[in-house]
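>>> I would like to see how this sequence folds:
(chains A and B)
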There are 2 protein chains.
Amino acid sequence: VAHPGGHLSITALIGVPEVSPGDNLAGIVAGIAPRFERGDIVVVSSKVVSKAEGREVRDRDRADVVADETVEVVAQRGELTIARTRHGLVLAAAGVDSSNVASGSLLPLPLDPDESARRIRAGLQTTRDVTLGVVISDTAGRPWRVGQTDIAIGVAGVTPVVDHSGTLDRHGNLLHVTAPAVADEIAAAAELVMPKAGGTPFALVRGLGHLVTDDDGPGAVAIVRPVAEDLFRHGSFDE
Amino acid sequence: VAHPGGHLSITALIGVPEVSPGDNLAGIVAGIAPRFERGDIVVVSSKVVSKAEGREVRDRDRADVVADETVEVVAQRGELTIARTRHGLVLAAAGVDSSNVASGSLLPLPLDPDESARRIRAGLQTTRDVTLGVVISDTAGRPWRVGQTDIAIGVAGVTPVVDHSGTLDRHGNLLHVTAPAVADEIAAAAELVMPKAGGTPFALVRGLGHLVTDDDGPGAVAIVRPVAEDLFRHGSFDE
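The predicted model follows:
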């Protein structure tokens, strides 16, 4: 019943050990994943990437850690800070997480999530000898919308944004501004099988092989809107 | 290999006829969908809902149609207007679409997408005698991010946002601000199998029965952040 690209499946990978600094995530995924098929995409929670990369900090003031990760405060209300990170991401607490870590610990984002994605991808492809994509996901709030969705903060081997500029719809109209941020949609989709209570930091997405590329591609930085193109930039957020 | 909620599949429903005003979408979906299982979620593109509800307009000035749909202009640059609609959605051109319609036609959003979702759900559940959820999706840009993702603008029988307030993670930390907007994530996931060139306005999501409710629930209005809680509201967008 499915046309090409018309079906996908997402499966949480279970049996994940607690991840420690220095752990080889590609090795962990290869150890628990069943069979891979060409064009599979592995979604990895940024949290385990940060843990494996030794980013966890203990006994430090949360505000200081958030400040270290902050390039620009975008909005602030009470204890909530929305900040632009070194990656260009706009996230609550600059992406510093205090859930799913030991009490008293804080977990900033990976330093270079695209590089992390490339490293995990290379490890998996070497182990399994198959072309795969890797998406590193994190959780982001949105202006105007309640709640959060997961987005892609690191990408390797997956087209991050499909640009339909210049293609025609079925009625012959140009799809001039249509550019689905598919890597973000993949991260959001995977969140649906990755419970927030933790323990399921990996998911396998199958059926999107047309979005998987031989080279690593531009990465998730291609989904970061340059500040100069930000329609919503302004001087003052305090109201 | 999957734990409960640890696997989902999404399938585009093919064989959709061109939709015309007055068409019964539940009947169309029931005619092309294979078997339904309890807890399936049907994702419907807002475009076919608008068409079936007779929202298509011809030979009218685009700016006028956009103005009719606009409650507040949120940002503007050149010909691009980002506007808040009567639904509280913040969308380019107030959600007025000129793709996948006949040349010269324009397609505003459904007047009440939650009501549309409830009607489609009731029709499907009567026809197939099974508890299902319905999500009506539309495409939205984001500040700070390149490209668009699909979001839920109408919801019936699906929990729109899962509030984890008060629950504990595996380390005993409170997940106090975690509230995944799962209906938006479902819409985003379904977009991955619904090509922008059109012809695939329905998708079947299976495996999220824990998010499907007996009653219709609060709908997608529950995902609209009240303007008073908008951290990013400010006086001037022209720069």
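>>> how many other residues sit next to the closest residue to A:Val193 other than its chain neighbours?
Counting by CB to CB, 6 or more residues apart in numbering or on different chains, the nearest residue to A:Val193 once its immediate chain neighbours are dropped is A:Ala12, at 4.3 Å. For the C-beta atoms, the positions are set from N, CA and C on the backbone; glycine is no exception. Applying other CB atoms under 10 Å in any protein chain shown, we find 24 residues neighbouring A:Ala12.
>>> for A:Ala12, phi and psi?
Backbone geometry at A:Ala12, expressed as degrees, to the nearest 10, gives phi -70, psi 140.
>>> beta partners for it?
Beta-bridge pairing of A:Ala12, defined through DSSP bridges, involves A:Ala203.
>>> What separation is there between it and A:Ala190?
Summarising the geometry, the distance separating A:Ala12 from A:Ala190, computed by CB to CB, to the nearest Å, is 8 Å.
>>> Mutual contacts of those two, please.
When contacts are counted by CB atoms under 8 Å, 6 or more residues apart in numbering or on different chains, the set common to A:Ala12 and A:Ala190 consists of A:Ala203.
>>> how about A:Asp215, secondary structure?
coil (DSSP: H, G, I helix; E, B strand; the rest coil).
>>> Can I take it that A:Ala67 is in a helix?
Yes - checked against three-state DSSP, A:Ala67 lies within a helix.
>>> Show me what secondary structure element comes after the helix ranked longest in chain A.
If each helix of chain A is counted by residues according to DSSP state H, the longest one is helix A:113-128. With elements assigned by DSSP states H and E, the helix or strand that comes after helix A:113-128 is strand A:133-142.
>>> between that following strand and helix A:113-128, what angle do the directions make?
With axes from the mean of the first three to the mean of the last three CA atoms, to 10 degrees defining the directions, strand A:133-142 sits at 150 degrees from helix A:113-128.
>>> Show me what strand A:133-142 pairs with in its sheet, parallel or antiparallel.
Within its sheet, and counting by DSSP bridges, strand A:133-142 is paired with strand A:41-45 (parallel), strand A:145-156 (antiparallel).
>>> nearest to A:Ala67, of these?
With respect to A:Ala67, and counting by CB to CB, the nearest of these is strand A:145-156 at 19.8 Å.
>>> model confidence over that closest one, on average?
Per-region confidence: strand A:145-156 scores 97 on mean pLDDT.
>>> Take that strand, keep the C-alpha atoms, and write them as PDB.
In PDB, the C-alpha atoms belonging to strand A:145-156 read as follows (Å, rounded to 0.1, in the frame of the first residue of the first chain):
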ATOM      1  CA  ARG A 145       3.200  27.100  21.200                       C
ATOM      2  CA  VAL A 146       2.800  25.300  24.500                       C
ATOM      3  CA  GLY A 147       5.200  22.500  25.300                       C
ATOM      4  CA  GLN A 148       8.300  21.300  23.500                       C
ATOM      5  CA  THR A 149       9.200  19.300  20.500                       C
ATOM      6  CA  ASP A 150      12.500  17.600  19.800                       C
ATOM      7  CA  ILE A 151      14.800  19.200  17.100                       C
ATOM      8  CA  ALA A 152      18.000  18.100  15.400                       C
ATOM      9  CA  ILE A 153      21.100  19.700  16.900                       C
ATOM     10  CA  GLY A 154      23.500  17.300  15.200                       C
ATOM     11  CA  VAL A 155      23.200  15.600  11.800                       C
ATOM     12  CA  ALA A 156      25.500  13.400   9.700                       C
END
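>>> So for stretch A:17-30, first residue to last residue, what's the gap.
End-to-end span of stretch A:17-30 (CA to CA, to the nearest Å): 13 Å.
>>> close to chain B, is that stretch?
No - contact of stretch A:17-30 with chain B (CB under 8 Å from any CB of the partner chain) is absent, the minimum separation being 8.9 Å.
>>> Mind listing what's buried along that stretch?
The neighbour-count check on stretch A:17-30 (16 or more other CB atoms under 10 Å in any protein chain shown) flags A:19, A:23, A:25-26, A:28-30 as buried.
>>> repeat for stretch A:115-123
Buried positions in stretch A:115-123, judged by neighbour count with 16+ other CB under 10 Å: A:116-121, A:123.
>>> Walking through chain A, point out its strands one by one.
With DSSP state E as the criterion, chain A has strands at A:7-12, A:41-45, A:57-58, A:70-77, A:80-85, A:90-92, A:105-106, A:133-142, A:145-156, A:202-206.
>>> In terms of secondary structure, what does the last one contact?
Counting contacts by 3 or more CB pairs under 8 Å, 6 or more residues apart in numbering or on different chains; DSSP states H and E, strand A:202-206 packs against strand A:7-12, helix A:25-32, strand A:41-45, helix A:182-191.
>>> pLDDT and distance to B:Pro226 added to the buried residues of stretch A:115-123, as a markdown table?
Shown next, in a markdown table, are those (pLDDT from 0 to 100; distance: CB to CB, whole Å):
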| residue | pLDDT | distance to B:Pro226 |
| --- | --- | --- |
| A:Ser116 | 98 | 37 |
| A:Ala117 | 98 | 36 |
| A:Arg118 | 98 | 41 |
| A:Arg119 | 98 | 42 |
| A:Ile120 | 98 | 40 |
| A:Arg121 | 98 | 42 |
| A:Gly123 | 97 | 46 |
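>>> which among those are in contact with chain B?
Contacts with chain B are made by none of the buried residues of stretch A:115-123, judged by CB under 8 Å from any CB.
>>> Among these, which one sits closest to chain B?
Ranked by distance to chain B (CB to the nearest CB), the buried residues of stretch A:115-123 are led by A:Ala117 at 17.3 Å.
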